[in-house]
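Engineer: I'd like to go over a predicted model; first the sequence, then the structure.
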Amino acid sequence: MVHGDRLLNAHAASEERTAARDVVADADAPIIRVRGLVNRFGRQLVHDGLDLDVRRGEILGVVGGSGSGKSVLMRTLLGLLTPSAGAIDILGADARSPDPSVRRHIRRNIGVLFQDGALFSSLTVGENVQVPLKEYYPELPDSLRYELALLKVKLAGLPADALDKLPAQLSGGMRKRAALARALALDPPLLFLDEPTAGLDPISAAAFDQLLHTLRAALGLTVFLITHDLDTLYAICDRVAVLADRKIVAVAPLSELEKLDHPWVQDYFNGPRGRAARAART
């Protein structure tokens, strides 16, 4: 297993050296930096001059009302949507660069867990986890890819026998963990998670939160986390970004956000559910 990790890291280091010619990273700079982002769909203006910094090593919660553009923001950062205007730097690289090597550098260093997990239903969990490995390291032998997939499955808190099961054979919580294992397949420093605890019972959601907190500490991850779950926000987020009025209106620890004089913020964090989540952490 150690040999597999070393081989994968050697491949990654070689690829990073190639991409580094076009990427100048500053260890003190935000891992994500967005300035003046505009997203428009026909006459619908979703984001209008949105600015955001995500610090290295933090778990940043992103909240906002339904239709405020949280998922649109995430998809734009991932390069799945092209914004109308604005600058986006991710991992020290211009995310809007036309250079394929720069785009590959960014994709190689991020992991994504979509809201429904987005696992391939016809593939086993192990085969799902191996998809990124096959894309970026096709020369790796099948036995090594299998070992790496097994490692990620265990890292995500699943038993080894889950590797050979289809997504339909798993519970909702286990599917979330399988999707997390795939997101971690390439050892990315940056994770994007879209409502990872949606649809889970409170015990499973709390266990997933704790897993994410542990992985952040152990692997040095930075996490961009879209969620409506107030318990998650209070349990694991270092800061929370509030998306409203087509912009990020505030980014701060929860203790500061609770005092923000904004109608949506007050309703969300100081309403009955917000007060209950806060009381559970005191």
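Structural biologist: Right, received. Where do you want to start?
Engineer: what comes up buried for the helix or strand containing residue 101?
Structural biologist: Residue 101 belongs to helix 100-108 when assigned by DSSP states H and E. By neighbour count, with 16 or more other C-beta atoms under 10 Å as the criterion, the buried positions of helix 100-108 are 102, 103, 105, 106, 107, 108. All C-beta spots, glycine's among them, are computed from the backbone N, C-alpha and C.
Engineer: next: stretch 43-63.
Structural biologist: Judged by neighbour count (16+ other C-beta under 10 Å), stretch 43-63 contains these buried residues: 46-48, 50, 52-54, 56, 58-63.
Engineer: what of stretch 77-95?
Structural biologist: In stretch 77-95, counting by 16+ other C-beta under 10 Å, buried: 77, 78, 83, 86, 88, 89, 90, 91, 92, 93, 94, 95.
Engineer: kindly report the same for stretch 163-171.
Structural biologist: Using 16+ other C-beta under 10 Å as the burial criterion, the residues of stretch 163-171 that qualify are 163, 165, 167, 170.
Engineer: ok, stretch 140-148 next?
Structural biologist: Judged by neighbour count (16+ other C-beta under 10 Å), stretch 140-148 contains these buried residues: 140, 144, 145, 146, 147, 148.
Engineer: mind checking which of those residues land in helices?
Structural biologist: Within those, residues falling in helices by DSSP state H are 144, 145, 146, 147, 148.
Engineer: am I right that the last one is in contact with residue 136?
Structural biologist: No - between residue 148 and residue 136 there is no contact under C-beta atoms under 8 Å: 11.7 Å.
Engineer: quickly list what the spatially most central residue of the chain is bridged to.
Structural biologist: Taking C-alpha atoms, centre = their mean, the centroid of the chain lies closest to residue 192, which sits 1.2 Å from it. According to DSSP bridges, the residues that bridge with residue 192 are residue 112, residue 224.
Engineer: who's in contact with it?
Structural biologist: For residue 192, the residues meeting the contact criterion (C-beta atoms under 8 Å, 6 or more residues apart in numbering) are 74, 77, 78, 110, 111, 112, 113, 224.
Engineer: between all of these, which two are separated the most?
Structural biologist: Pairwise distances across those (C-beta to C-beta) peak at 14.1 Å, for the pair 77 and 113.
Engineer: for the closest residue to residue 146 other than its chain neighbours, what are phi and psi?
Structural biologist: Excluding its sequence neighbours, the residue lying closest to residue 146 (C-beta to C-beta, 6 or more residues apart in numbering) is residue 126, at 6.6 Å. Per-residue torsions, residue 126: phi -60, psi -40 (degrees, to the nearest 10).
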